[in-house]
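**Q** my questions are about this predicted structure, shown below with the sequence.
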Amino acid sequence: MSNWGILFSEITEGMNEVVMVGEKVEEIRKEIQTSYLPFALFLGAKSKSDLPLFEGRDTKDKTMIYVCRNKVCLLPVEKVNEAVQQIIEK
């Protein structure tokens, strides 16, 4: 029954794609993953990447976090607590 409950939650809540771009990607990843975010996929890159989720997300001096759902991204943020809030609020 618990597996069916997890599947139901995944279908109703949807999956978040969290894209992190910049020099401090590893630090941000560690900090953001201290929160319980079961339906989130995390991707990060310090430099340019050819993956579709990273397209058009090059940053020079900042490390930015993009929270995306259903192929649409919310406004980028720099702070982990703001990104977590975006994930939770749906």
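**A** All right, it came through fine. Numbers count the residues shown, from 1 in each chain.
**Q** put the alpha carbons of stretch 52-67 into PDB.
**A** Extracted in PDB, the C-alpha atoms of stretch 52-67 (Å, rounded to 0.1, in the frame of the first residue of the first chain):
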ATOM      1  CA  PRO A  52      18.500  21.000 -22.500                       C
ATOM      2  CA  LEU A  53      17.700  22.100 -18.900                       C
ATOM      3  CA  PHE A  54      20.900  24.200 -18.800                       C
ATOM      4  CA  GLU A  55      20.200  26.000 -22.100                       C
ATOM      5  CA  GLY A  56      20.300  29.800 -21.700                       C
ATOM      6  CA  ARG A  57      21.300  29.600 -18.100                       C
ATOM      7  CA  ASP A  58      24.900  30.700 -18.100                       C
ATOM      8  CA  THR A  59      25.900  33.000 -15.200                       C
ATOM      9  CA  LYS A  60      29.100  35.000 -14.800                       C
ATOM     10  CA  ASP A  61      29.500  36.000 -11.200                       C
ATOM     11  CA  LYS A  62      26.500  34.400  -9.400                       C
ATOM     12  CA  THR A  63      25.300  30.900  -8.700                       C
ATOM     13  CA  MET A  64      21.600  30.700  -9.600                       C
ATOM     14  CA  ILE A  65      18.900  28.200  -8.700                       C
ATOM     15  CA  TYR A  66      16.000  27.500 -11.200                       C
ATOM     16  CA  VAL A  67      13.000  25.500 -10.000                       C
END
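**Q** shaky segments in the chain?
**A** Applying pLDDT under 70 to the chain flags the ranges 90.
**Q** go with 80
**A** Along the chain, segments meeting pLDDT under 80 span 6, 9-10, 13, 47-60, 90.
**Q** where do the strands sit along it?
**A** Taking DSSP state E as the test, the strands found in the chain are 16-21, 40-45, 64-69, 72-73.
**Q** can you list contacts of the second one?
**A** Looking back up the chat, that one is strand 40-45. The contact list for strand 40-45, computed with CB atoms under 8 Å, 6 or more residues apart in numbering, reads 15-21, 25-26, 28-29, 32-33, 51, 53-54, 87. Yep, even glycine has a C-beta here, placed from its N, CA and C like the rest.
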